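Novice: Using only what follows, build the 3D model:
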Amino acid sequence: MKAIDLAAKLATFTELWQPRVVGAFNGHDILVAKVQGEFVWHRHEETDDLFLVLAGRITIRLRDGDISVGPGELFVVPRGVEHCPVAVEEAHLLLLERRGTPNTGDPATAAPRREI
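Specialist: Sure, this is the predicted structure:
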């Protein structure tokens, strides 16, 4: 067992909106992601969606208003709530998701599961 260096893991890739699995926790994946620009509007019918900002700032667009999330802050989108993450400049995130959760809410359009 050893600690996971999130900055070192983030330094291993450049692709945006392509989360990487860095660990596991009670049937959930622990992921890091680099994001910039606008993602797709989507929802997760079966699970909540947790975003923890490590660096930069993101906006979680919701149909009834936007939530701004900065470094050291997190936001949980409740299951079934449509949302669209946006980052004007590159931001780095830590995500916790039930293993197998498609990042777009749809397995046909989701990023592949990648471990680093």
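
Novice: Show me where this protein has its helices.
Specialist: For the chain, the helices defined by DSSP state H occupy 6-10.

Novice: Nearest the geometric middle of it, what residue?
Specialist: When the chain is reduced to its mean C-alpha position, the closest residue under C-alpha atoms, centre = their mean turns out to be Leu95, at 4.4 Å.

Novice: Please tell me how far the closest residue to that residue other than its chain neighbours sits from Asp64.
Specialist: Closest residue in space to Leu95, ignoring its immediate chain neighbours: Leu31 at 4.4 Å, by C-beta to C-beta, 6 or more residues apart in numbering. Every residue, glycine included, has its C-beta placed from N, CA and C. Using C-beta to C-beta, to the nearest Å, Leu31 is found at 27 Å from Asp64.

Novice: Looking at the two, which is more packed in?
Specialist: Neighbour totals were compared for Leu31 and Asp64, and Leu31 leads with 24 against 6 (other C-beta atoms under 10 Å).

Novice: can you pull the contacts of the more buried one?
Specialist: Leu31 makes contact with Pro19, Arg20, Val21, Val22, Leu94, Leu95, Leu96, Glu97, according to C-beta atoms under 8 Å, 6 or more residues apart in numbering.
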